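*Asks:* Predicted model and sequence follow; I will ask about them next.
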Amino acid sequence: MKSKIKKCISSSVENFTRIFDDRDILDQIERIVLLCIERYKSDNKILFCGNGGSAADAQHIAAELTGRFYLNRSPLYAEALHVNSSYMTAVANDLGYTETYSRILEACGRKGDMLFGLSTSGNSPNVVRALQKANEIGLTTIGLTGVSGGEMNNICDFIIKVPSDDTPRIQEAHILLGHILCQLIEEEMFPDA
């Protein structure tokens, strides 16, 4: 059993090391963090969407931005689009699951806001549709995916493709990326907190 445990940990460490060594990913992270800071300073908001574990990751990252991460500071507007279960089930039932995120973006998304779409495959239909709608409205779109990027390759302003095709390793990396985002935004925006 211990060897299996070590294999799981080793797989995660190897994935994080690939990210650590990938200059393109590091450059993308830096650009995205700086853009988030710029948008927050312009009174825009950051929205997140995903399905299953990616929905949980989206909600986790949004909570760290709105609540706090390390610092006691003013809240930053961030929201995971799936948190209203009555809305989600009504739209899924009446209009189809593919429309769940795009429809709410019509109501709350504004030009200058940002949408992070999380999908390990990059092909989740409702996330892809949300990113398309966000582009129509004028939001900046960021994709967090696995190695292929899927359909999200062609519709995101920025995309970070975790160098793995293993869903748990991709999701672990998405949380790592979210934590980096939260920490750097806090440090830059609230240096005196």
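*Replies:* Ah, there it is. Numbers count the residues shown, from 1 in each chain.
*Asks:* Could I get the buried residue list for the helix ranked longest in the chain?
*Replies:* If you go by DSSP state H, the chain has its longest helix at helix 167-189. Within helix 167-189, the residues scored as buried using 16 or more other CB atoms under 10 Å are 169-178, 180-182, 184-186, 189. For the C-beta atoms, the positions are set from N, CA and C on the backbone; glycine is no exception.
*Asks:* burial measure for residue 73, as a count.
*Replies:* 13 (other CB atoms under 10 Å).
*Asks:* So what pairs up with the residue nearest to the spatial centre of the chain in the strands?
*Replies:* When CA atoms, centre = their mean is applied to the chain, the residue found nearest the centroid is residue 116 (4.0 Å). For residue 116, the beta-bridge partners are residue 48, residue 142 (DSSP bridges).
*Asks:* Residue 49 is in contact with that one, correct?
*Replies:* Yes - using CB atoms under 8 Å, residue 116 is in contact with residue 49, at 7.5 Å.
*Asks:* shared neighbours, these two?
*Replies:* residue 58 (CB atoms under 8 Å, 6 or more residues apart in numbering).
*Asks:* buried ones in stretch 29-44?
*Replies:* 29, 32-33, 35-37, 39-40, 44.
*Asks:* Residue 58: which element?
*Replies:* Taking DSSP states H and E as the definition, residue 58 sits inside helix 53-66.
*Asks:* Paired strands for the next helix or strand after that helix, with orientation please.
*Replies:* Downstream of helix 53-66, the next assigned helix or strand under DSSP H and E is strand 78-80. Using DSSP bridges, strand 78-80 pairs in its sheet with strand 46-49 (parallel).
*Asks:* Could you list the alpha-carbon positions for the strand it pairs with in CSV?
*Replies:* Extracted in CSV, the C-alpha atoms of strand 46-49 (Å, rounded to 0.1, in the frame of the first residue of the first chain):
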residue,chain,number,x,y,z
ILE,A,46,-14.0,37.7,-11.9
LEU,A,47,-16.3,34.8,-12.6
PHE,A,48,-15.6,31.0,-12.7
CYS,A,49,-17.3,28.0,-14.1
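*Asks:* what pLDDT, on average, does that strand get?
*Replies:* The average pLDDT within strand 46-49 is 99.
*Asks:* where's it relative to the chain centroid, distance-wise?
*Replies:* 7 Å (CA atoms, centre = their mean, to the nearest Å).
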